[in-house]
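[1] everything below, folded, please.
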Amino acid sequence: MGEVYRSTGQEPLRLEARSGNEIEGICQAITVPARRGRHLSVPYGPLLKRGEALEPLLAELCRYAKEQRCLFVRISPFWTKNQSIPGSKPSPLHLLAEHLWYLPLTQPDVWQGQKENDGSKQRKEEELFMQLRKTTRNLVRRAEREGVTVEASRDPLRDLPLFLALHEETRKRHHFTPYTDAFFRAQVGLFAPRSECTLYLARYGNEVIASSIHMHMAGETSYHHGASTDKYGKIPASYLLQWTAIADALRRSDHIYNFWGIAPEGAKRHPFRGVTLFKTGFGGKMLELTHCMDVPLSPLYHATRAFEYVRKWRRGF
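    Residues are numbered from 1 along each chain as shown. Model prediction:
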C-alpha cells in the first residue's frame, strides 16, 4: 500500500525496530497535507512483536513528523479495544474502520495446514449460505432469478473505468469523500498482477450495475470498495456480488472474509448504518479495535481538533 500512496504523490515512511537481528516492531506512515492540519498518518500500525518496540518507533515517527512540518501524528493501530499510547489523545475522527465485521470461513485445524477437499468446500459453502439472514438469502436467489451475473474481471485495469463510473454515482448519492481515481488505478495496477486484487462486475442485461474491489493476502479476503447504480435499485445485484466473492474466497481456502467497517452497536445516527444491515446479513462476528489516537506536536493541533469535532458531529459519527 505504501507504493500505492507513493504513486499518488504521498511518500511512505517505513520503520522497523530491531533487537540484534530480530525485528520487534514495524510501521508505515504517510504524510497527509490536509488543509485542516498537516499530519503524519499511521494506518493500522505499528505492529509489535514486543511492547518495548513502541517507544523507539513512536520517537522516530514524531521526529520525522516535525521534520515534515506536521502538527500531529495520527495513529490507528490494529489493536483490540481500549489500548492506548503514552502521550496521546483520542482522535476526534477515525482514520480507518474500528468496528470490523468478519466472517470465519474455515476451522482452526484447517488454518494449521490440513487441506480441505472439493467435497468439504462444497458442503461448507452450502452451510455458509444457510447461515445468511433469510432476507439476504432470498435476495441472492432473487438476483440470480432476475438474470444478474457476476464475474471476476480478467483484465482489471481495462475494466476499472466501469467501477469508477459507478463509484462516482455512488459518491454523489451518499455524499462521502472518495479516494481519487488515481488511487484506485494504483491499487488495482499494483496488486492485481500479484493475484492479490479482484475486480468484480455484476451485469444485468448488457449493463454493469454493481462492482467491487477485493484484496487477498495471507488467507484473508477483504472487501475494500463497492459501487452500484441507482438505475436498477430494485435489482439486488450487490447481494449476489458479495456472495460470489465469499464463495470464491472459500474455494481459495481463505480462512477469513473481512467486510471492514460497520456502525457500532446501538448507533442511531451513523454513516455506516445502511451498510451495516447489508454486511451483517451474510453472518459473521464483530471485532472492535482501539480508537484512533493523536500525538500533538504543535499548539496549532488544538484548532484542528476543534474543527474535526464539528465535522464529526455533522457526519453523524
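[2] outline the domain layout of this protein.
    With domains defined by automatic domain parsing, the chain comprises 2-96+290-315, 99-288.
[3] now do the contacts for Gly316.
    Arg269, His270, Pro271 (C-beta atoms under 8 Å, 6 or more residues apart in numbering). Quick note: C-beta positions are derived from backbone N, CA and C, even for glycine.
[4] where does this structure dip in pLDDT?
    Along the chain, segments meeting pLDDT under 70 span 107-119.
[5] all strands of it, in order?
    12-19, 22-32, 39-43, 47-48, 72-76, 89-90, 99-104, 149-152, 197-204, 207-217, 220-228, 256-261, 285-288, 293-296 (DSSP state E).
[6] need those in JSON lines with distance to Tyr309, can you?
    JSON lines is the format used below for the strands of the chain (distance: least, C-beta to C-beta, whole Å):
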{"stretch": "strand 12-19", "distance to Tyr309": "28"}
{"stretch": "strand 22-32", "distance to Tyr309": "18"}
{"stretch": "strand 39-43", "distance to Tyr309": "16"}
{"stretch": "strand 47-48", "distance to Tyr309": "29"}
{"stretch": "strand 72-76", "distance to Tyr309": "14"}
{"stretch": "strand 89-90", "distance to Tyr309": "11"}
{"stretch": "strand 99-104", "distance to Tyr309": "20"}
{"stretch": "strand 149-152", "distance to Tyr309": "41"}
{"stretch": "strand 197-204", "distance to Tyr309": "36"}
{"stretch": "strand 207-217", "distance to Tyr309": "32"}
{"stretch": "strand 220-228", "distance to Tyr309": "28"}
{"stretch": "strand 256-261", "distance to Tyr309": "20"}
{"stretch": "strand 285-288", "distance to Tyr309": "22"}
{"stretch": "strand 293-296", "distance to Tyr309": "12"}
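[7] go through stretch 165-172 and flag the buried ones.
    Within stretch 165-172, the residues that qualify as buried are Leu166, His167, Thr170, counting by 16 or more other C-beta atoms under 10 Å.
[8] Gln83 and Pro46, how far apart?
    Gln83 is 12 Å from Pro46, where distance means C-beta to C-beta, to the nearest Å.
[9] neighbour count winner among those two?
    Neighbour count, other C-beta atoms under 10 Å: between Gln83 and Pro46, Pro46 has more, with 23 against 11.
[10] from memory Asn82 sits against Thr290, does it?
    Yes - between Asn82 and Thr290 a contact is recorded at 6.2 Å, counting by C-beta atoms under 8 Å.
[11] neighbour count: those two, which is higher?
    Comparing Asn82 with Thr290 by other C-beta under 10 Å, the one with more neighbours is Thr290, at 18 against 9.
[12] make a markdown table out of the strands of the chain and add mean neighbour count and distance to Pro236.
    Putting these into a markdown table (neighbours: other C-beta atoms under 10 Å; distance: least, C-beta to C-beta, whole Å) gives the following:
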| stretch | mean neighbour count | distance to Pro236 |
| --- | --- | --- |
| strand 12-19 | 15 | 39 |
| strand 22-32 | 19 | 37 |
| strand 39-43 | 24 | 32 |
| strand 47-48 | 16 | 38 |
| strand 72-76 | 25 | 33 |
| strand 89-90 | 12 | 38 |
| strand 99-104 | 19 | 19 |
| strand 149-152 | 16 | 12 |
| strand 197-204 | 22 | 10 |
| strand 207-217 | 21 | 9 |
| strand 220-228 | 21 | 10 |
| strand 256-261 | 20 | 17 |
| strand 285-288 | 12 | 24 |
| strand 293-296 | 22 | 39 |
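[13] now for the ones you listed, which one comes closest to Tyr179?
    Closest of those to Tyr179 is strand 220-228, at 7.5 Å (criterion: C-beta to C-beta).
[14] identify the residues contacting the closest residue to Tyr223 other than its chain neighbours.
    Leaving out its chain neighbours, the residue that sits closest to Tyr223 by C-beta to C-beta, 6 or more residues apart in numbering is Phe259, at 5.2 Å. Applying C-beta under 8 Å, 6+ apart to Phe259 gives the contacts Leu100, Trp101, Tyr102, Leu103, Tyr223, Lys279, Phe282, Gly284.
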